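S.K.: Predicted model and sequence follow; I will ask about them next.
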Amino acid sequence: MTLTADPLPTIRAVRRGDAFSVTAAATRRSLRAVFRSPALLISPLAQSLFFLLVYSGQLSNVGSAYLGDQTFIAFLLPLILLTGVATGAGAAGTLVLADITSGYLDRLRMAHGTVTPFLTGTVIAVLAAVAVQALFTTGGAMLVGYRPADWGATLGMVAIMLVLGVAVALFSVALAIRTGSSSSTGLVTLTFFGLSFFTGVFAPVEELSGWMRAIATVNPLTSIIDTARQVESGGDLTSGPLAAALLITLIVAGFISCVLALAHARRNR
């Protein structure tokens, strides 16, 4: 089943109870939207590669002084992936906002009373695009010196960032539904992107000093980045339990935010 601008075929599928087919159709529709708007995919990728090139080129010799056996680019890569995910996953809110503005979601809501499969499809499509972006970023890192010691560990690092991407996508969708504003929806990306630079960006947290060390210590993204670094390097996952708890908390909070936003939309439609 192909999802077009006309929602009736999808609505009939929902009425038949074929939620899986509806979600798959919505995912395909959102994937087409992503690839028809290259900026949604290319811009985060270009940003990641730019930061990767500049930071590794200017600071690799400095980083080698305190990183021991780990190369600076391997230490830096999780942060670069996180900033790319924060930017790319925010496209979920952008796509939902476009459907709200065009009246597409309202037509679905009036016809059947639910938009959940369509929102789910959007999130899945954006995460698929972000996964491709993350793999291209890793490939770009290899061109400038990154050498994975274990491909399974490298993919594990990417997977951790994609889990964070789920939370970013959910929060952006919730704000799009709740506010109907592009500037408000963009706050999610801005928040995660900004917080990422208050972690151990170029050095482990214990190497920092003063106010930056204090902020990095309490920053929830610090443990997530540290866990990704530990997975990539094959080290002990000392930050793993806290990172897992934070990721679960963020995803649950994002899901609840979407539920509350949909409830608000129903009350005010």
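M.R.: Nice, I can see it.
S.K.: pLDDT weak spots in this protein?
M.R.: In the predicted model of the chain, residues 1-18, 62-65, 108-113, 269 satisfy pLDDT under 70.
S.K.: at 50 instead, please
M.R.: Applying pLDDT under 50 to the chain flags residues 1-17.
S.K.: Spatially central residue in it, please.
M.R.: The residue lying closest to the centre of the chain (C-alpha atoms, centre = their mean) is G165, at 2.4 Å.
S.K.: My guess is that one contacts T83. True?
M.R.: No - the pair G165 / T83 is not scored as a contact, 11.6 Å apart, by C-beta atoms under 8 Å. Heads up, the C-betas are built off the backbone N, CA and C, glycines and all.
S.K.: Now the residue nearest to the centre of the chain: closest residue in space, sequence neighbours ignored.
M.R.: Spatial nearest neighbour of G165, chain neighbours left out: A89 (3.9 Å); criterion: C-beta to C-beta, 6 or more residues apart in numbering.
S.K.: Check L97 too.
M.R.: Nearest-residue entry for L97: A176, 4.2 Å, with adjacent residues in sequence omitted and distances by C-beta to C-beta, 6+ apart.
S.K.: residue contacts, that neighbour?
M.R.: Residues near A176 by C-beta atoms under 8 Å, 6 or more residues apart in numbering: 93-94, 96-97, 100, 185.
S.K.: just G240 next, same as before
M.R.: Contacts of G240 by C-beta under 8 Å, 6+ apart are 227, 230.
S.K.: can you give me the strands in the protein?
M.R.: With strands called from DSSP state E, the chain shows none.
S.K.: For it, which segments count as helices?
M.R.: Applying DSSP state H to the chain gives helices spanning 8-15, 19-36, 39-63, 72-89, 91-102, 104-112, 116-143, 151-179, 182-196, 210-218, 220-233, 240-268.
S.K.: And R36, how far from L95?
M.R.: Look at R36 and L95: by C-beta to C-beta, to the nearest Å, they are 11 Å apart.
S.K.: Between these two, tell me which one has more neighbours.
M.R.: L95 (25 against 8; other C-beta atoms under 10 Å).
S.K.: these two touch, right, that one and V34?
M.R.: Yes - look at L95 against V34 with C-beta under 8 Å: they come within range, at 7.5 Å.
S.K.: circling back: turn the contacts of A176 into JSON lines, including neighbour count and distance to G68.
M.R.: Below are those laid out as JSON lines (neighbours: other C-beta atoms under 10 Å; distance: C-beta to C-beta, whole Å):
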{"residue": "G93", "neighbour count": "30", "distance to G68": "40"}
{"residue": "T94", "neighbour count": "22", "distance to G68": "41"}
{"residue": "V96", "neighbour count": "30", "distance to G68": "45"}
{"residue": "L97", "neighbour count": "23", "distance to G68": "46"}
{"residue": "I100", "neighbour count": "17", "distance to G68": "50"}
{"residue": "T185", "neighbour count": "25", "distance to G68": "42"}
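S.K.: Of the residues you listed, just say which sits nearest to I248.
M.R.: I248 lies nearest to G93 out of the contacts of A176, by C-beta to C-beta, at 21.3 Å.
S.K.: ok, for that closest one, nearest residue in space, not its chain neighbours?
M.R.: Once flanking residues are discounted, G93 sits nearest to S172: 2.9 Å by C-beta to C-beta, 6+ apart.
S.K.: which ones are touching that neighbour?
M.R.: Applying C-beta under 8 Å, 6+ apart, we find S172 in contact with 89-94, 96, 185, 188-189.
S.K.: Farthest pair within these?
M.R.: Maximum pairwise distance among those (C-beta to C-beta): 13.9 Å, between V96 and T189.
S.K.: Can you tell me how far the closest residue to F35 other than its chain neighbours is from A129?
M.R.: Among residues not flanking F35 along the chain, L41 sits closest, at 7.1 Å (C-beta to C-beta, 6+ apart). To A129, L41 is 5 Å away according to C-beta to C-beta.
S.K.: who's more crowded, these two?
M.R.: With neighbours defined as other C-beta under 10 Å, L41 and A129 compare such that A129 has more, 23 against 19.
S.K.: I'd assumed I73 was in contact with S60.
M.R.: Yes - at 6.5 Å, S60 and I73 qualify as touching, with contact defined as C-beta under 8 Å.
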